[in-house]
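I'd like to go over a predicted model; first the sequence, then the structure.
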Amino acid sequence: MSVIYIVLPLAFVLAGAALWACILAIRGGQFDDLQTPPMRMLGDDVPVGDRNADDSESVSK
Amino acid sequence: MTLLDQANADRAPAAAAQCCTHCGLPVPPGLRTGDGQPAFCCTGCETVHAVIRQHGLDSYYGMRSATNVPPQQAPEPGGDFAALDHDAYTQRHVRTASDGTRSTELLLDGMHCAACVWLVENISRILPGVQARVDYARRIVRIRWQGDTPLSTIAATLARLGYPPQPVHARQTRGGSKDDHRFLVQLAIAAVCAGNGMLLAFALYSGLFDVMAPEFVALFRYSSMFFGLVALLGPGQIFLRSALGALRTRTPHLDVPVAVGLLAAAAAGTVNTFLGRGEIYFDSLTMLVFLLLIGRWVQRHQQRWVANTMDLLLALTPATAQRLPASGANPETVPVDALRSDDLVLVPAGGTCPADGTVARGASEVDLSLMTGETRPVPVEAGSGILAGVTNLTAPLEVRITATGAETRLGQLLALVDELTRRKSGWVRLADRLAGVFVVTVLLLAAATVALWFTSGVALALDHAVALVIVACPCALGLATPLTVAVALGRAARAGVLIKGGDVLERLTRPGLILFDKTGTLTHGAPELVAWQGPDEIRPAVVALERCASHPLARAWVAAWQSDAPDPLVRDFRQSPRGGIRGTVDGRDFLIGQASYIASACQVDLPDPLSDDGTIVHVVRDGVHLGQACFRDTARPEATDVLARLRANGWRIGIASGDQHAVVSSLAESLGVPPDRTWSGQTPEDKLALVQRHMAGGPVVMVGDGVNDAAALSAATVGIAVRGGAEASLLAADVYLQHAGLRPLLRLLDGAGRTTRVIRAGLAASLSYNAVAVVLAMAGLIHPLLAAILMPLSSLSVVALAATAPRFAAEDAGEPKRGGLAPAVSTREAPSCP
C-alpha cells in the first residue's frame, strides 16, 4: 500500500495542473462572454460572397 | 433571391399583406411591389438591404430566418456621429497601440440574434481594415482598426446596417471583468478543494468499516486538513470578511452563522488532526464553501445581466449637440460636455434640448410630458425658457444656453435621485433577519449541549457542542435565497420585467398604496383621435396631408385613418411652427390646425368645440369649414381591468400627475379612483413628498415613466418604471417593465408573491434540516458520515425548490409572447405580419 505515497501526491499535482489551466483560461477571458461564441459558430460556416479577405477569427487575440 | 424573399413570396401570394424584405413588418400600401420583388416598409430598411446586398452579405437573411427572429424594423438611418471624432471623446475612450492600431468599444442597439452578430462582425467587408468583435451579453462591439478611418465613419456604417452605435457610458465598464476573473478563480480553487476533500473523505469513511493502517489514516487526515484550510483561507475569506463587516455594522447577515460554522469546523478539525483523534469535518467544510460560492456566482451573474440590459436602455439619449459658432458658420457637432453657458445651440425638430436655456430664434411646440407630465404640446417662441431633456416637436429652434450639466433642472433632479437612491434604507432580507436569530439560537444550544454532557467529561461535551455548531451551519439556507432569486430574476427578465435586486420581490408581497403617474403610464402618453365631426370623404386627403407633417397629432391622425388605398398627391405643403399645416390636394386648398392657427390664416367662422378637455383640430377646405377632430390622451384599454385586479388583491390605488386638474380628475373618475387619492398639478418635489408622507402608513409602490417621477420612484418602497420612460426614471426605479402596457405590472406582483412563497418554503426546508441535525448533535448521535450525506441532500432539495420559482408568464392568451434567444431590447412594437 506504500504506493499511496506516490499516487496521492501525483493526484494532487494533477489537480494543481487542472487548476492552473483553469485559472489561465479564466484570465484569458474564456469565460467572459458565454453568449456570443455559440452564435458566432453559426456564422463561420456560411459561405459569404467572393471576398474572403480576412477571417473574423483573426480579430481575437 | 434570398431565403427570406422566398419565404415572403410564399407567405404573401396576394398583395393584401406584403412583408418588408428586411424586417418582416407589413409594407404600407403605397410602397408595395409585385410578387417576389423586394419590398420595404420604410427607407431605413431599404437602405440597410441595399448596403447588405452591395457587400455580398446576403446570407444574413438566410441565417436570420433560420434563427426565427421576431420582426424588428430598421431604425431611421442617419444620425450624426461627428462627436465621436472629437478630441474629448478620443482621449477618454480610444486606445492606440504602439503599432498604430486603435481600439474602442461601442454600445450597439438592435442586435438580437446570431445573424446580427455575424453581420456586425463582417464589417471588414464594407470597411477593410476594421475588425469588430461582438459581446452579445453586454451588447457591446469592440472595434480595432488601422489607418486613418475616422471613428465616425465606422459608427455611421454600423448605423447604416441598422445598428446605431452609442458611446459606452462610464457605468458600462463598472464592475469590470477583473473582478469577475477573481471570483471565478476563487470558485475554481474551491472546486478543487471540494473535489479532493471528498475523495479523501471517501477513503477515510471506507476505512471506518475496514481496517486501515494508522499511517495512511494520518496521511489522509493531514491532506484533508491542507485542502480544508486552503478552501477556508482562500475562497472562504469572502464569507469571513462579509461576516466581520456585518458584525461591525451590527446588521444581521446570513454570512455570520456561515462564518461561525466554518471557523468551528476548521478549528475542531485542525486540533483533532494534530491530536490524531476525533472527527475532522474538512470534507463538509470544503463542500460548504464550494456550494455557497456557486449560489453567489449564479446570483451575481443574473444581477449583472439585468444591469447590463438596463444600461443599454439608459444609453438611448443624445450625447451630442449642434453648436452654432459665433461667426455664424454652419453648426458643428460637439459632445454635450463641451457646452458652456451663453453658447448658441440648434435644436432640430424632433431633437432633444441638451441644456437649459432660452429660445433665441424660432418658434415651435415642445413636448414637456417627460418633465412635467403635461400631455399637450406647449408653444415656445423667442424669449421662452426651455429645459434640458425637452423634445422639440415642429420647427428648429436656436437656444441660448443658461445652464449645463448638473446645473440644469434635469441635472438637479438626477442629483436628487442619486441621493435618495443612496439613502434608501437597507432592506433586510428575510434570510438575513433569520440569520440573526439563528446565530443566537445555535450558540445557546451549543452551551446547552456542553452543560448536558458536562458530567460525561469536558472533552466529550466540547466535541458534541462543536459538532452541533458545524451541522447547524446554514448551507441550504445560504443557497436557498440566492438561487431562488436568481432563477426568478432570470425568468422575469425573459418575460420583459427587469428587476434590479432580489429584495424587491420581498418588498412587493405586502399590498399597500400603489401610486400611478398619469401620462404614459395609465394613458398612452400620446394623443389619440377620439372624435370626428365632418364628412368622411375628405379622409384620404387629410391623411395624405398629415403624413407630410411632423407632430404628435399628425401621427395620431394618420394612425387612426390609415387605409390600404394609395394617398392622393399633396402639393405646396407648408407647416407652421405651431403645427398647423396647409397644402393642396386634387387642386383644393386645405388648412388644418387648431383654432388659433385657422384664425390667423383665413377668415372663417369656427363652430363650437366638440369637447372641452381635448385638443380640437379644424379642417378648412377652400375657405369653408368642413369638420373638427378631437384628440385626447386616452387611458390604456387594460387600465380598468388591471386596477380592478389590483384592488381585488388588496392594493389601494392613487394617481399622482403633473397634468391639469380637469384632465386628471376625468381620468380618475373613469377608472374609479376616488378623488381623495387623486393628486394633480404635482411637481417632482410634490410627488416625492407625497410618497414620503404615505410611506409612514405602509409600503408605497410608485409606477411612473417621466423625469418628474424619478425622485418619487427612488423614494418609494418599490419604484416601477414603465416602458418608454426617461433615463432618470430608469436610474431611479427598482423595476423596469420592458413591454408596453400595464399587464406586466400584474405579472410582476403575482410573480413576486409566488417567488417569496418559494423562498419561504426553501427557508423552511433548510431550517427543518438544521433542526433535525441539531437534535441529533445534542443527543450525541451525529456522525460525520451522516452529516456528509445529509448536507448535500438538503442542498439538493433546496436547489430543486429554487427551480420551481415562478415564470412571470403571461396569464391570459391575449398577451403577446416573445420568442428568440434572449429578451430582445426592442424600442418599437412589432406587429405581426400574417
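That came through, no problem. Numbers count the residues shown, from 1 in each chain, chains lettered A, B, ... in the order given.

hey, let's count contacts and neighbours off CA atoms from now on
Will do.

which parts of chain B belong to which domain?
If you go by automatic domain parsing, the domain ranges for chain B are B:3-67, B:82-173, B:177-307+B:431-484+B:754-802, B:340-403, B:502-524+B:637-733, B:528-632.

so where is chain A shaky, pLDDT-wise?
The model of chain A has pLDDT under 70 over residues A:43-61.

no, scratch that, I was asking about the stretch 151-300 of chain B
For the stretch 151-300 of chain B, residues meeting the criterion pLDDT under 70 lie at B:168-177, B:208-210.

and it, which residues reach chain A?
Residues of the stretch 151-300 of chain B lying close to chain A by CA under 8 Å from any CA of the partner chain are B:177, B:181, B:184-185, B:188-189, B:192.

ok, and the most crowded of these?
residue B:189 (24 neighbours; other CA atoms under 10 Å in any protein chain shown).

related to what we said a few turns ago, quick check: which of the domains of chain B is nearest to residue A:7?
With CA to CA, the closest approach to residue A:7 among the domains of chain B belongs to domain B:177-307+B:431-484+B:754-802: 12.3 Å.

tell me who's in contact with the closest residue to residue B:27 other than its chain neighbours.
Closest residue in space to residue B:27, ignoring its immediate chain neighbours: residue B:41 at 4.3 Å, by CA to CA, 6 or more residues apart in numbering or on different chains. Contact analysis of residue B:41 by CA atoms under 8 Å, 6 or more residues apart in numbering or on different chains lists B:19-20, B:25-28, B:31.

which of these count as buried?
In terms of neighbour count (16 or more other CA atoms under 10 Å in any protein chain shown), the buried residues within these are B:19-20, B:25-28.

now the residues you listed as CSV including secondary structure and pLDDT?
Output for the buried ones among the contacts of residue B:41, formatted as CSV (DSSP: H, G, I helix; E, B strand; the rest coil; pLDDT from 0 to 100):
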residue, secondary structure, pLDDT
B:19, strand, 75
B:20, coil, 76
B:25, coil, 72
B:26, strand, 72
B:27, coil, 74
B:28, coil, 71
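
pick the one among those residues closest to chain A.
Distances from chain A to these, taken as CA to the nearest CA, are shortest for residue B:20 (22.9 Å).

that closest one contacts residue B:26, correct?
Yes. Assessed by CA atoms under 8 Å, residue B:20 is found in contact with residue B:26 at 6.0 Å.

which helix in chain A runs the most residues?
Ranked by residue count under DSSP state H, the longest helix found in chain A is helix A:4-27.

got the contact list for it?
Residues external to helix A:4-27 that are found in contact with it (CA under 8 Å, 6+ apart): A:31-32, B:181, B:184-185, B:188-189, B:192.

go on, stretch B:435-449?
B:252-254, B:256-257, B:461, B:464-466, B:468-469, B:472, B:778.

so which helix or strand takes in the nearest residue to residue B:615 once chain neighbours are set aside?
Nearest non-adjacent residue to residue B:615, counting by CA to CA, 6+ apart: residue B:631, 5.0 Å away. Per DSSP states H and E: residue B:631 is located in strand B:624-632.

just how off-centre is that strand within its chain?
40 Å (CA atoms, centre = their mean, to the nearest Å).

what comes up buried for that strand?
B:625-632.

same deal with stretch B:357-366?
B:357-361, B:363-366.

doesn't residue B:366 fall inside a helix?
No. Secondary structure of residue B:366 (DSSP: H, G, I helix; E, B strand; the rest coil): strand, not part of a helix.

beta partners for it?
Under DSSP bridges, the beta-bridge partners of residue B:366 are residue B:378, residue B:392.

before we move on, what about residue B:735?
Taking DSSP bridges as the rule, residue B:735 bridges to residue B:499, residue B:720.

how many other residues sit next to it?
Residue B:735 has 25 nearby residues by other CA under 10 Å.

how far away is it from chain A?
24 Å (CA to the nearest CA, to the nearest Å).

which residues touch that residue?
Shown in contact with residue B:735 (CA under 8 Å, 6+ apart): B:497-500, B:718-721.

closest to chain A out of these?
Closest to chain A out of those is residue B:498 (18.9 Å), distances taken as CA to the nearest CA.

so what's the closest one up against?
B:306, B:310, B:489, B:492, B:735-738.

residue of the stretch 651-800 of chain B closest to chain A, please.
Residue nearest to chain A within the stretch 651-800 of chain B (CA to the nearest CA): residue B:738, separated by 21.1 Å.

I'd assumed residue B:720 was in contact with that residue.
No. Residue B:738 is beyond contact range of residue B:720, at 10.8 Å (criterion: CA under 8 Å).

and stretch A:26-43, which residues are buried?
In stretch A:26-43, counting by 16+ other CA under 10 Å, buried: A:26-27, A:35-36, A:39-40, A:43.

mind picking the two most distant members of the residues you listed?
Greatest spatial distance among those (CA to CA): A:27 and A:43, at 26.4 Å.

hmm, back to that, inside helices: which ones of the contacts of stretch B:435-449?
B:256-257, B:461, B:464-466, B:468-469, B:778.
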